[in-house]
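[1] Mind looking at a prediction? Sequence and model below.
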Amino acid sequence: MKQNITLAVEKKLLKQAKAMAAERGLSVSALLSSELARLVEQEGKYRRAQTRAVARLESPLHLSFTNKPSRESLHDRQGLR
């Protein structure tokens, strides 16, 4: 369901918005509506990404090795001699 709102903007900005809307074949109302929807969607994506990032930071980092190399193999310098 759509709802009308009242918006106050500077005359110069309104003139530029009308020109931009006309270039895109839209009304100012449709232009503002689509941009507002894009902004809200972008903010939602950011919040979800932020939540995932915080969850990853809070979970422990597992550095488990299945086959740990021996100390000797790590420090083998036979190939350097």
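    That came in fine, so what should we check first?

[2] Now do the same for the residue most central in space within the chain: helix, strand or coil?
    Centroid-nearest residue in the chain, with CA atoms, centre = their mean: Tyr46, separated by 4.4 Å. Of the three states, Tyr46 takes helix under DSSP: H, G, I helix; E, B strand; the rest coil.

[3] mind checking how far it is from Glu10?
    28 Å (CB to CB, to the nearest Å). Every residue, glycine included, has its C-beta placed from N, CA and C.

[4] likewise His75?
    71 Å.

[5] And the pLDDT at Gly79?
    Predicted confidence (pLDDT) for Gly79: 61.

[6] worst-scoring helix or strand of the chain, pLDDT-wise?
    Lowest on mean pLDDT, DSSP states H and E among the helices and strands of the chain sits helix 71-74, with a mean of 79.

[7] Check which residues of it are buried.
    Buried positions in helix 71-74, judged by neighbour count with 16 or more other CB atoms under 10 Å: none.
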